[in-house]
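# compute the structure for the input listed below.
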Amino acid sequence: MQQMARRVAALYGERDVEHFGRAWTAEELVLGLVGDVGDLAKLAQGKAGGRPRSDLDAALEHELADCLWSLIAIADAFDLDLEKAFVTTMDELSGRLGGASEQD
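Just a heads-up that it's a prediction; the model follows:
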């Protein structure tokens, strides 16, 4: 997933340089995620019965994938190891909740 996300990020970067003279900054990637999360919230309302639409499940899948892409792109922009951070955080949460950690 991360390699695919990085390929798409590189393509976006190339396109943005051609059209706008520069690629998005990390801060702009975060703002893009905020917009995607807003779209996701509207789709969640659809799943709860409000905001109905015929392609709800497909749109929800797409928006979740957009959000995931944004998170990977943001982590890369800030030179963070998202996979390592995820494992560490899940282990910490599991420990707090009384579950086994990944290292167990």
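# from here on, contacts and neighbour counts on C-alpha atoms
Will do.
# the helices in the protein, which residues?
2-20, 26-47, 56-77, 82-97 (DSSP state H).
# just put the ones you listed in TSV and tack on mean neighbour count and mean pLDDT.
Converted to TSV, the helices of the chain look like this (neighbours: other C-alpha atoms under 10 Å; pLDDT from 0 to 100):
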stretch	mean neighbour count	mean pLDDT
helix 2-20	14	96
helix 26-47	16	96
helix 56-77	17	97
helix 82-97	13	96
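# who touches the residue most central in space within the chain in this structure?
By C-alpha atoms, centre = their mean, the mean C-alpha position of the chain lies nearest to residue 68, the distance being 2.4 Å. Contacts for residue 68 were tallied using C-alpha atoms under 8 Å, 6 or more residues apart in numbering; there are none.
# give the contact list for residue 25.
residue 77 are the contacts of residue 25 under C-alpha under 8 Å, 6+ apart.
# go with 10 Å
Residues in contact with residue 25 (C-alpha atoms under 10 Å, 6 or more residues apart in numbering) are 13, 31, 74, 77, 78.
# over to residue 82?
2, 71, 72, 73, 74, 75, 76, 88.
# thought the fifth one was touching residue 34?
No. Checked against C-alpha atoms under 10 Å, the pair residue 74 and residue 34 is beyond contact range at 11.9 Å.
# any residues in contact with both of the two?
What both residue 74 and residue 34 touch, as defined by C-alpha under 10 Å, 6+ apart, is the set residue 28.
# circling back: tabulate the contacts of residue 82 (TSV), appending distance to residue 56.
Below are those laid out as TSV (distance: C-alpha to C-alpha, whole Å):
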residue	distance to residue 56
2	26
71	22
72	24
73	25
74	27
75	29
76	30
88	33
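# still on that earlier bit, which one of the contacts of residue 25 is nearest to residue 57?
Among these, residue 31 lies closest to residue 57 (C-alpha to C-alpha), at 24.4 Å.
# gap between the closest one and residue 74?
10 Å (C-alpha to C-alpha, to the nearest Å).
# do residue 100 as well
29 Å.
# then residue 48?
30 Å.
# what's the closest of the contacts of residue 25 to residue 38?
Among the contacts of residue 25, residue 31 lies closest to residue 38 (C-alpha to C-alpha), at 10.8 Å.
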